[in-house]
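Kindly generate the corresponding structure for this input.
(2 chains)
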Amino acid sequence: MTSTTATTPSITTHAPSASIAPSGAPAMVEARSLTRVWGKGAAAQTAVDHVDLSLAPGRLVAVVGPSGSGKSTLGAMIAGIDRPTEGSIVVGGTRIDRLKDDQLARWRAGNVGVVFQNFHLIPTLTAAENVALGLRFGRKLPRRERAHLVESALASVGLADKARRLPSQLSGGEQQRVGLARAVVHRPAVIVADEPTGALDTHSGRVVFDLILRLRDAGTTIVFITHDPALAAECDRTITMVDGRIVQVTA
Amino acid sequence: MSSSFRSTLRDARRAPVRVAASILAIALAIAAIGVFAVPGVSNSALREIAAEDQLTHLYVTTSEMSPADLAGIDVEVPGLVALETRTSGTLTTVEHGNVHVVGRPDASTIDRLRVTEGRLPTTDGEIAVTPGLGVPGELLTPTGAPDAAPLEIVGVAETTWFGGTDTVFTLPETAEALLGVEGTNRIVARLVEPNESNLESAVAGIRAAVWDAGATLTSFPEVLVDGAHPIEEDIEMISFMIGGLGVVAGIVALILLSSTANSIVTERTRVAAILRAVGATRREVRRELRRPAIAIGVAGTVLGLPLGLVVANVISRMVLNRFAGITPDVGIDIVVLAASAAFGIVGARAVSGRTARKVAKAELASALRDRDALPFGNRWSNRLLARIPTGDLLRRMAVRAAARRRGRAIALSAQFAGAVAAVVLVTGLATSVFAFNDAELASFDWETSVTAADPGYPFALDGPPTSRVDDEVGIHVSGEVDDWYIELFGVDPATTMFDKDVNAGSWLAADQGTRGLVLAEAFAEQEGHAIGDTLTVELASGTADYEIVGLHPIRSVAAFVPVQTLADDLGTEGNGNTIWSQSHGVEAAAGSGAVEIATRDQLFAEDTAARDAIVAIFGAIGLIVVAISAIGISSTHAMGQYERRGETATVQAVGAGRRDLRELIRKELAGLALVGWVVGVAGGVLGARAIMNAFATANAIDLGFAMPWVAVPVTAVAVAGFVQLLTMASAGRAARIPAAVTLRAAT
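Residues are numbered from 1 along each chain as shown, chains lettered A, B, ... in the order given. Reported below is the predicted structural model:
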């Protein structure tokens, strides 16, 4: 593992640039001076502070850092579920910070998958229906094809036999696998997984991570936010954030 | 500062709109209960005026007699406080047409006159008038009276009994001269205890005394039981219906209170779990959960009580202004006030206590994990529902969300139902009253009716009183049957002025005997009278027996008897008191004294004015109910959306845009609204029917029920529009906030 940049926030005036894209190759994620401020006036808190980022396609990039360092906020902006206060972000060639709300929603439906630490499954929908939700808002597909994709996604996470279970009838690990199936069912180019193993036991966490590795092997770009150094070490690159800035990028 | 107050303040700062909406909702609910106070406030205002005026308890009209003939009557009529005579009649004037003249002794104590300008008459020829007839110094000129000299107005005065009628008050001598009456022709009396039995005895005693004096009663005596105001009976129907609407308002208010208190407690589920986790007992947790709900209940009550007072007084004022021409002082119904306060505070305590028990009982681990400890799938019914295809994904979410939060779904539907029921009820009552008013005139084939302005029978029965051939002389008087007031029409059996088609039996036939009577069918059914029965009717002159020969569709309490028979029973010496005509604008019978002319058009116009007033009053109450429901629905819906904001944000995260959110919200809300609409229409119709039936039974009339068809599409469109508005507002609000922000706050 080689350190490409190692700058502490205390001695830098600008956050370092994190480039993980080979020189000349088009980046899957390209952020410039990306900033997100929560609140206003005296209560304002900068979650992400002028971050420059460039991620190559088909890579599994871990984002690590202490709580409150801005990892999840950065992930949310890459996934298009949050908007930067300042700066620009291009994902898969689309400048998503300039999209209107509905355009951004449609973009999410076709281009990105999100996995959450707390699963965020709809409690009233079965596993298959939760996965099908990932297809509901994107490109219109024939019913049969939709059903096939849902089946495949569930099978890929090993839950084909639990398709009709409600979330309350599944274990935490199983719920997270459903969440992962929902994130991949529409074959997105980018997946943002926000501490997907954080709420799971070691074994379940390993199962989920192995699935993520398989996705990476299939060519999906994955932003993997984690607190687990062991899992981060298995990723292609690791970005370390402190106080909203990228302080280290390792490969 | 108490901890509950601090906690409520904290909540208010955190979610000011929601707390304000809850307080406003409870305040409106309390205000709605104020509707119950309308009859009480109205009646207490009327009774106050009646007591202040020393209103007569008994009023009889007699043929001319000398006041001296009544000396010693107090022996025959025990329990008398005072008995006075009046010389009264109708006078036609140049300035104001027909006016009522009342000659009363200077020292009169009954029907006290309240002087608003000038003074009361003290010498012959002076008059005081009711407001609107003139001011002191002006003159009033009689036409065609024996003494036609202009009368000088010396004062303006009024009293309850003559409220709303143009009346001239003067000394007895002046009245005698103006009206051409010798002596007196009215008796008024006040009793120590004016209950029904004492008043009956008093009437009997007075009738006997009048008879002994060689005179007769010329109209059915009027009595005011227990110091009632004469208008009370007239506003009874409207009070009755207002009470019915009050019940709807109360139910809606109850649902709103439950829903609001439930929401306030339920949203603190996680707080409760944290408190338990750090060692609080269930009892302490329950108390902590109840506090904000009770504080909001108290705040709502404090705001709602004055609002309720305003509602009760404004509606009472509308009723009394329209139906009695009275503007009452502000009234308070203590019972309703106390019930409202108890409803707000005790109700909030009871409802929040129930929910708090449930929340405090939830398993700690799942309560800490799940914000509202409401997993879906633990019940077999949830699992079954999850297997039933109820439409596309969004519809399935909507249906199952309603099943998951049954209480909230029921509250939403119930509030829709309450609003719709209120509109349907108001419309149903209005259309039924309209239909009744129309039907009431349907049995009359005359166009114009000329009635003697004063008691008495000035028109000869044996010949046309005017040059018109289509006129008919008859008798129209009041009587009493089985303790019910009844309208008696003395008509020629071959009359062309009334509908002679009967529902059973036959119409009055010339050869069927002179004591036949055709009775209103609805009244006969209620009182158990049948064809062939003998009906005993109490008339001004005493009792008379008739044989029921037919049952008539007329919807009021009324009966038809041969005019000659009725004339004999009343002792009119072959005269009648009414001329009916099928022409417009009958000629007044010359030399018959003052008359009152009514055309069908006028009656329709009066009915229409009364309808408008009723619709305005019902509409005001209906609007209150609808406003409460609308706030309740908005508040409950907002609470539901707030609780499910995590789910909404998740749906957004997987690609749902504003339009998709609208679809999701609409699908859930529209289903509940549809259920509420159906229940509301059915409930409104049943409620209106029940109120009309109860009122019809209480008054022995055939009120009937007219289905308010217009309310069906109107409420459907209004509900659909409201659902659309709420949907757009909710979806817009949700879409404006980035999903990540919502998810961050929701976890």
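
Let me see the ranges of the helices in the stretch 201-350 of chain B.
B:236-266, B:269-277, B:282-324, B:334-361 (DSSP state H, counting those that start in this stretch).

Compare these and report which one is nearest to residue B:421.
helix B:236-266 (5.6 Å; C-beta to C-beta). (Each C-beta comes from the backbone N, C-alpha and C, glycine too.)

count of residues packed around the closest residue to residue B:514 other than its chain neighbours?
Nearest residue to residue B:514, sequence neighbours excluded (C-beta to C-beta, 6 or more residues apart in numbering or on different chains): residue B:565, at 4.6 Å. Each residue near residue B:565 was counted by other C-beta atoms under 10 Å in any protein chain shown, and the total is 20.

what's the answer for residue B:130, then?
22.

circling back to that earlier point, just the helices of the stretch 201-350 of chain B: most buried one?
helix B:236-266 (a mean of 24; mean count of other C-beta atoms under 10 Å in any protein chain shown).

follow-up on the earlier one: what would the helices of the stretch 201-350 of chain B look like in JSON lines with distance to chain A?
Shown next, in JSON lines, are those (distance: least, C-beta to the nearest C-beta, whole Å):
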{"stretch": "helix B:236-266", "distance to chain A": "16"}
{"stretch": "helix B:269-277", "distance to chain A": "14"}
{"stretch": "helix B:282-324", "distance to chain A": "23"}
{"stretch": "helix B:334-361", "distance to chain A": "18"}
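
can you redo those as TSV with mean pLDDT?
Below are these laid out as TSV (pLDDT from 0 to 100):
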stretch	mean pLDDT
helix B:236-266	73
helix B:269-277	80
helix B:282-324	85
helix B:334-361	85
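
so residue B:394 touches residue A:136, yeah?
Yes: counting by C-beta atoms under 8 Å, residue B:394 does reach residue A:136; the two are 7.5 Å apart.

Mutual contacts of those two, please.
Among the neighbours of residue B:394, those also in contact with residue A:136 (C-beta atoms under 8 Å, 6 or more residues apart in numbering or on different chains) are residue B:660.

Tell me the residues on chain B that lie near chain A, please.
Residues of chain B lying near chain A by C-beta under 8 Å from any C-beta of the partner chain: B:375-378, B:382-383, B:386-387, B:393-394, B:396-397, B:400-401, B:403-404, B:646-647, B:649-660, B:735-736, B:738-741, B:743-744, B:747.

Out of those, which end up buried?
B:375-377, B:382-383, B:386, B:393-394, B:396-397, B:400-401, B:403-404, B:646-647, B:649-658, B:660, B:735, B:738-741, B:743-744 (16 or more other C-beta atoms under 10 Å in any protein chain shown).

returning to that earlier point: the residue nearest to residue B:514 contacts residue B:510, correct?
No: the criterion here is C-beta under 8 Å, and residue B:565 misses it with residue B:510 at 11.7 Å.

Point out the residues in chain A that sit beside chain B.
Selection of chain A residues close to chain B by C-beta under 8 Å from any C-beta yields A:72-73, A:76-77, A:79, A:81-83, A:101-102, A:105-106, A:108-110, A:114, A:116, A:118, A:120-126, A:129, A:132-134, A:136-138, A:164, A:166-169, A:182.

which SS state does the closest residue to residue A:115 other than its chain neighbours fall under?
Spatial nearest neighbour of residue A:115, excluding adjacent residues (C-beta to C-beta, 6+ apart): residue A:193 at 4.0 Å. Secondary structure assignment for residue A:193 (DSSP: H, G, I helix; E, B strand; the rest coil): strand.

Measure how buried residue A:193 is and give me the count.
Around residue A:193 there are 30 residues (other C-beta under 10 Å).

picking that back up, check whether the residue nearest to residue B:514 sits in a helix, strand or coil.
Relying on three-state DSSP, one would call residue B:565 helix.

For it, give its distance to residue B:492.
Per C-beta to C-beta, to the nearest Å, residue B:565 is found 11 Å from residue B:492.

Over to residue B:579?
In terms of C-beta to C-beta, residue B:579 sits 12 Å off from residue B:492.

Give me the common contacts of those two.
Joint contacts of residue B:579 and residue B:492 (C-beta under 8 Å, 6+ apart) are B:472, B:474.

more neighbours, the two?
The neighbour comparison of residue B:579 against residue B:492 (other C-beta under 10 Å) goes to residue B:579, with 29 against 18.

Helix or strand: which one has the more buried one?
Following DSSP states H and E, one finds residue B:579 within strand B:578-581.

what about the helices in the stretch 1-150 of chain B?
According to DSSP H, counting those that start in this stretch, the helices that the stretch 1-150 of chain B contains are B:3-14, B:16-33, B:37-52, B:73-76.

Please identify which of those is closest to residue B:678.
Taking C-beta to C-beta, helix B:16-33 is the member of these nearest to residue B:678, at 23.1 Å.

Show me how far the closest one is from its chain's centre.
In terms of C-alpha atoms, centre = their mean, to the nearest Å, the centre of helix B:16-33 is found 26 Å from the chain centre.

From residue A:168, how far out is residue B:181?
92 Å.

That should have said residue B:24, apologies.
36 Å.

try residue B:660
Relative to residue A:168, and taking C-beta to C-beta, residue B:660 is found at 25 Å.

Check residue B:415 too.
29 Å.

again, but for residue B:304
41 Å.

Residue B:735 now?
Between residue B:735 and residue A:168 the computed distance is 28 Å (C-beta to C-beta).

Show the contacting residues for the nearest residue to residue B:653 once chain neighbours are set aside.
The shortest distance from residue B:653 to any non-neighbouring residue, by C-beta to C-beta, 6+ apart, is to residue B:739 (4.5 Å). Residues near residue B:739 by C-beta under 8 Å, 6+ apart: A:76, A:81-82, B:649-650, B:652-653.

For the residues you listed, please prepare CSV with the additional fields distance to residue B:542 and secondary structure.
Below are the contacts of residue B:739 laid out as CSV (distance: C-beta to C-beta, whole Å; DSSP: H, G, I helix; E, B strand; the rest coil):
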residue, distance to residue B:542, secondary structure
A:76, 95, helix
A:81, 92, coil
A:82, 94, coil
B:649, 85, helix
B:650, 86, helix
B:652, 86, helix
B:653, 90, helix
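
Which pair of those spans the longest distance?
By the measure C-beta to C-beta, A:82 and B:650 form the most distant pair in the contacts of residue B:739, at 14.1 Å.

hang on, residue B:433 packs against residue B:611?
Yes: with contact defined as C-beta under 8 Å, residue B:433 reaches residue B:611; the gap is 6.6 Å.

And the two? Which one has more around it.
Ranked by neighbour count (other C-beta under 10 Å), residue B:433 and residue B:611 place residue B:433 first, with 23 against 15.

Buried residues in the helix or strand where that one lies, which are they?
Residue B:433 is part of helix B:406-442 when elements are defined by DSSP H and E. Neighbour-count burial for helix B:406-442 flags B:408-437, B:439-440 (criterion: 16+ other C-beta under 10 Å).
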